[in-house]
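Novice: Sequence and predicted structure are below.
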Amino acid sequence: MGQKPLVIGVTGGSGSGKTTVSRELVARIADYLPVFLQQDAYYRDQSDKPFAERIKTNYDHPDSFETDLFVADLQRLLRHQSINKPVYDYEQHTRSSEVITVAPSDVIIVDGVLLFNDSRVRDLLDLKVYVDTDDDIRFLRRLERDIEERGRTVHGVIEQYLQTVKPMYHQFVEPTKRYANIIVPEGGKNKVAIDMIANQILAMLKKFD
């Protein structure tokens with residue numbers, strides 16, 4: 001294997017199926033023991049703010065991420081060094097006190113809603129995948145996920161979607177589609193596209209063997 005790990009970036013709007021695509025890719029190249037790193041872990045720590053202020057956080061704006069740390073951790077993995085990945089507590093709207101140690105690998109798959117937004121991140125990606133899914137489907141998936149997994153109310157999810165998620169998607173996420181090498185319609189249900197991407201990754205890895 002070559003000196004530099006292969007880095008695959010997967011992005012798309014909230015609820016597009018990008019994490020499903022990423023996990024499918026991880027499963028298909030499991031023999032290479034890939035690292036799976038999610039941009040969501042790098043939401044800024046807000047423990048210095050009162051809870052009433054934290055719940056107003058616009059999670060779909062680039063400023064909500066600690067991108068400097070995300071880039072630094074990616075660069076450490078590229079140097080074959082371990083990182084301490086943050087853990088975000090969605091119910092408390094701030095970073096948890098725990099971290100997860102992530103060992104380096106020859107393949108790194110990263111996903112995130114604003115993954116292609118910062119040129120420093122884009123420059124580290126060898127293959128850029130954009131998952132393109134209809135707005136209504138993305139909203140319904142987000143509604144289900146946030147209620148089941150993140151302790152939100154229906155009213156809260158709808159309000160957040162209309163006030164920040166949808167406008168931020170059109171302002172910051174959708175325009176980054178132009179940076180993609182591959183665009184996947186219909187997210188995790190598109191098995192043909194996932195197979196094609198997995199085969200492309202395997203071909204890229206074999207060049208390093």
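Specialist: Nice, thanks for sending it over. All of these numbers come straight from a predicted model, not from anything done at the bench. Residues are numbered from 1 along each chain as shown.

Novice: which residue is nearest the middle of the protein?
Specialist: In the chain, the centroid-proximal residue (Cα atoms, centre = their mean) is residue 112; its distance is 1.9 Å.

Novice: residue ranges with poor pLDDT in this structure?
Specialist: Applying pLDDT under 70 to the chain flags the ranges 1-3, 208-209.

Novice: switch the cut-off to 50
Specialist: Scanning the chain for pLDDT under 50 picks out the ranges 1.

Novice: Now do the strands in it.
Specialist: Along the chain, the segments classed as strands by DSSP state E run 6-12, 35-38, 83-89, 94-102, 107-111, 127-132, 182-185.

Novice: Which strands border the last one, and is each parallel or antiparallel?
Specialist: Read it as strand 182-185. According to DSSP bridges, strand 182-185 forms sheet pairs with strand 127-132 (parallel).

Novice: what does the first one give?
Specialist: Strand 6-12 has these partner strands in its sheet, going by DSSP bridges: strand 107-111 (parallel), strand 127-132 (parallel).

Novice: Tell me which residues are up against it.
Specialist: Identification of contacts with strand 6-12 by Cβ atoms under 8 Å, 6 or more residues apart in numbering yields 18-19, 21-22, 25, 74, 78, 106-116, 121-122, 124-133, 173, 176, 180, 184, 187, 201, 204-205, 208. All C-beta atoms are positioned from the backbone trio N, CA, C, and that covers glycine.

Novice: got the contact list for the closest residue to residue 152 other than its chain neighbours?
Specialist: Of all residues beyond its chain neighbours, the one nearest residue 152 is residue 146 (4.1 Å), with distances taken as Cβ to Cβ, 6 or more residues apart in numbering. By Cβ under 8 Å, 6+ apart, the contact set of residue 146 is 152, 156, 157.

Novice: Now neighbour count and distance to residue 44 too, for the residues you listed, in a markdown table please.
Specialist: Listed next are these as a markdown table, based on neighbours: other Cβ atoms under 10 Å; distance: Cβ to Cβ, whole Å:
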| residue | neighbour count | distance to residue 44 |
| --- | --- | --- |
| 152 | 20 | 19 |
| 156 | 14 | 20 |
| 157 | 19 | 21 |
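
Novice: pull the longest helix from this structure.
Specialist: helix 191-208 (DSSP state H).

Novice: on contacts alone, who are the packing partners of that one?
Specialist: strand 6-12, helix 18-28, strand 127-132, strand 182-185 (3 or more Cβ pairs under 8 Å, 6 or more residues apart in numbering; DSSP states H and E).

Novice: Those: which one's closest to residue 96?
Specialist: Nearest of the helices and strands packed on helix 191-208 to residue 96, taken as Cβ to Cβ: helix 18-28 at 19.1 Å.

Novice: now the closest one against strand 127-132, angle please.
Specialist: Helix 18-28 and strand 127-132 are oriented at 140 degrees to each other (axes from the mean of the first three to the mean of the last three Cα atoms, to 10 degrees).

Novice: So which bits of helix 18-28 are buried?
Specialist: Counting neighbours by 16 or more other Cβ atoms under 10 Å, one finds that the buried residues in helix 18-28 are 18, 19, 20, 21, 22, 23, 24, 25, 26, 28.

Novice: now stretch 109-122
Specialist: Neighbour count says stretch 109-122 has 109, 110, 111, 112, 113, 114, 115, 116, 117, 118, 121 buried, by 16+ other Cβ under 10 Å.
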